[in-house]
Each structure stands twice: as C-alpha cells, then as structure tokens.
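K.L.:
Next one to model:
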Amino acid sequence: MNRHVQFAKNLNRFRLVTFDITDTLLRFRKPPGVQYAETAALMGIKNLDPNKLQTLFREEFKSMAKKYPNFGSKSKEITWQDWWILLVSNVFHRVDDQLPQTEIRRISERLFEQYRTNECYVHIDGNLELLKMMRNACKYVGVISNTDPGLERVLLSMDIRHIFDFVCTSYDLGVEKPHCDAFLKPLEKYNVQAHEALHIGNLYDKDYIGARNAGWCSLLITKSVDETQKAKPTHVYTSLKEMHNALETIDIEW
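P.N.:
You can find the predicted model right below:
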C-alpha cells in the first residue's frame, strides 16, 4: 500500500489530533542547569556549577508545584510570571546565598525572557514533516500541554504556531493532564466525540493514559523501557520518526 494511503487509513477515524510540546515536538537546547549557569556568567556571575543548578531546579520546581499548583493558576497571590521568577530566584539563592538579591532578580528576569523565545529550544527531528501530514489528514490539530500561557510565544518564535488551530495550556484550562477535563475543552469547542480524537505525547501517565481515560486514542513517544512495556506495541515508539514510519507502513490497532 502507498505510504500516504496507509497514513490516511490509520488517521481516517480522527477529526482531531493534539500534541504535547516539550520532549514531544520541541526539546530544550541545553539542560536548564547549563542554561542557568551560562546566562549568569554572561551577566557577571561566573563559575556556578551547572549540575548543582540542575539539581536545585528540579527540587524548586517540585516545591513550587506543590505550593502553587499549575503555575499558580488558582492562586490569588502569584501570577504565572511571578511563579517562574520566584523559582529561578530560589535556585540562585540556594546555589550561592551571598549573591545580591538585585543580581538574582536581574538574572531571573533574563532567564524568564529567554525561555519564551527560540533561544532555549530546538525542533525534535521529524516534527515538521509529521505535523504537515497530520495537518493534511485531520480536520483539527492542536496542543494540550501542562504549562503556562508563555507557550504561545515559544511556538511563535519556533515558527510552528500557525500549524495549530488552538493551544490549550494547563494554566488556562485550570487543570493539568492527566485530569480528564484537560481533554474536554477541545472536544466541546470543535464538537468532536472523544473516540474521534488522538493525543500524542511523551509521558505514559499524563499523555498516554490520561487521554485514554478521557475516551481518546493516544500514542506514546518514549525511550523508557518500563513505559514501553506498559503501552500496546503499536502505540509506543522511541522517536517521532519511528512513529511516523509506523503510521505509513502498518495498521495501527487503536
């Protein structure tokens, strides 16, 4: 069977396809710890340990997510912009408590801006080709991502925002994946039934299972052996390119 015909056959049942973004379509150009150290060095704060910064970033992200869930979406005391500035400030204060607060604030604001541009992201190999095929095969193509409204700027700067009919962030939705409500809004907006929708992401619980619990179909992209073993064989792939090839060459059992 012709590859394009097979692709269309596999996607025929879907009127809506959504994607996660980070580590699905885009990835960080450098680990946050490296980016933080390099940005600080350019602003005069040199010799900070990227590995230490990376560890502190992970710890502070968990702490902030617990104190102000979903980037502060339900908080009356903090905006999503403040959420990130505070997180980064906490990281730098912990890595060197002798750093002046004015310097920490300056670096934090600079990093906040960097992470809203193409300075910190690269395209994952094969994403543009797959998006083009999805765009031709499905009526609606969108984004469902556990992040803040700054994602709009990122997608614009990476020159892919125009591909999507909509971008749903967890902040705007008020819930994070895997909550079923995260998958409801696009269905309601475009009058699509759950069985007519497909979600593609990189996390087993939040993307693959979250979508299925909401009645959707889903595909998983991961290199995790454990997660690969949990998903159905034709639902999980190690890369976008591998998944794209499967969609063009085999029958997917949804």
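K.L.:
Tell me who's in contact with the residue lying closest to residue 180 once chain neighbours are set aside.
P.N.:
Excluding its sequence neighbours, the residue lying closest to residue 180 (Cβ to Cβ, 6 or more residues apart in numbering) is residue 214, at 4.3 Å. (Glycine included, C-beta is placed from N, CA and C.) Residues in contact with residue 214 (Cβ atoms under 8 Å, 6 or more residues apart in numbering) are 180, 182, 183, 184, 194.
K.L.:
Could you measure from the third one over to residue 203?
P.N.:
What it means is residue 183. 14 Å (Cβ to Cβ, to the nearest Å).
K.L.:
So which of these two has more stuff around it?
P.N.:
Neighbours per residue, other Cβ atoms under 10 Å: of residue 183 and residue 203, the larger number sits with residue 183, 26 against 21.
K.L.:
Surely that one and residue 216 touch.
P.N.:
Yes - using Cβ atoms under 8 Å, residue 183 is in contact with residue 216, at 6.0 Å.
K.L.:
May I ask which helix or strand of this protein has the lowest mean pLDDT?
P.N.:
helix 225-230 (a mean of 91; mean pLDDT, DSSP states H and E).
K.L.:
Pull up the pairing partners for the very next helix or strand once past that one, direction included.
P.N.:
Note on helix 225-230: by DSSP states H and E, the next helix or strand toward the C-terminus is strand 236-237. Paired neighbours of strand 236-237 in the sheet (DSSP bridges): strand 217-221 (parallel).
K.L.:
now the partner strand: how far from the chain's centre is it?
P.N.:
14 Å (Cα atoms, centre = their mean, to the nearest Å).
K.L.:
ok, now stretch 84-99?
P.N.:
24 Å.
K.L.:
ok, now stretch 131-144?
P.N.:
That offset, for stretch 131-144, works out to 17 Å (Cα atoms, centre = their mean).
K.L.:
same check, this time on stretch 51-64
P.N.:
Centroid separation between stretch 51-64 and its chain, computed with Cα atoms, centre = their mean, is 18 Å.
K.L.:
ok, now stretch 62-70?
P.N.:
17 Å.
K.L.:
Equivalent analysis for stretch 62-78, please.
P.N.:
Distance, centroid of stretch 62-78 to centroid of chain: 18 Å (Cα atoms, centre = their mean).
K.L.:
do the same with stretch 127-145
P.N.:
15 Å.
K.L.:
got it, and stretch 178-187?
P.N.:
With Cα atoms, centre = their mean, you get 16 Å for stretch 178-187.
K.L.:
can you list residues touching both of residue 183 and residue 216?
P.N.:
Joint contacts of residue 183 and residue 216 (Cβ under 8 Å, 6+ apart) are 194, 197, 199.
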